[in-house]
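> only geometry, no sequence info:
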């Protein structure tokens, strides 16, 4: 198994500097790096990534924070919010068994 590498904060200084310059040139307000964590979690969930992986990447011990703070922003891929998609799947499965 390949061991994960830790990234030194000093190694990120050139990337942060170029990010700040790019944002200034584009006349976009500079936001804290922390806000990109929220974006990562929300987008990853919306794309169907494993919440366990997201929690690990973000440094959480478990998925509790992921579900507590980010899951509410992500609708399922079909836009259903009332359990209808699960109901449809179960009805189709029942019809196949008949």
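All right, it came through fine. None of these values were measured; they are calculated from a predicted model.
> Which helix or strand contains the residue positioned nearest the centre of the chain?
By C-alpha atoms, centre = their mean, the chain has its centre lying nearest to residue 41, at 2.3 Å. Using DSSP states H and E, the element containing residue 41 is helix 34-46.
> Skip ahead from that helix and say which helix or strand is next.
helix 51-57.
> Tell me the gap between that following helix and the middle of its chain.
With C-alpha atoms, centre = their mean, to the nearest Å as the basis, helix 51-57 stands 9 Å off its chain's centre.
> Now tell me what touches stretch 61-68 from outside.
Here stretch 61-68 makes contact (C-beta atoms under 8 Å, 6 or more residues apart in numbering) with 41, 45, 51-52, 54-55, 58, 60. For every residue, glycine as well, the C-beta is placed using N, CA and C.
> what's the angle from the worst-scoring helix or strand of the chain on mean pLDDT to helix 34-46?
One helix or strand of the chain scores below all others by mean pLDDT, DSSP states H and E: helix 13-25, with a mean of 77. Put simply, helix 13-25 runs at 90 degrees to helix 34-46, going by axes from the mean of the first three to the mean of the last three C-alpha atoms, to 10 degrees.
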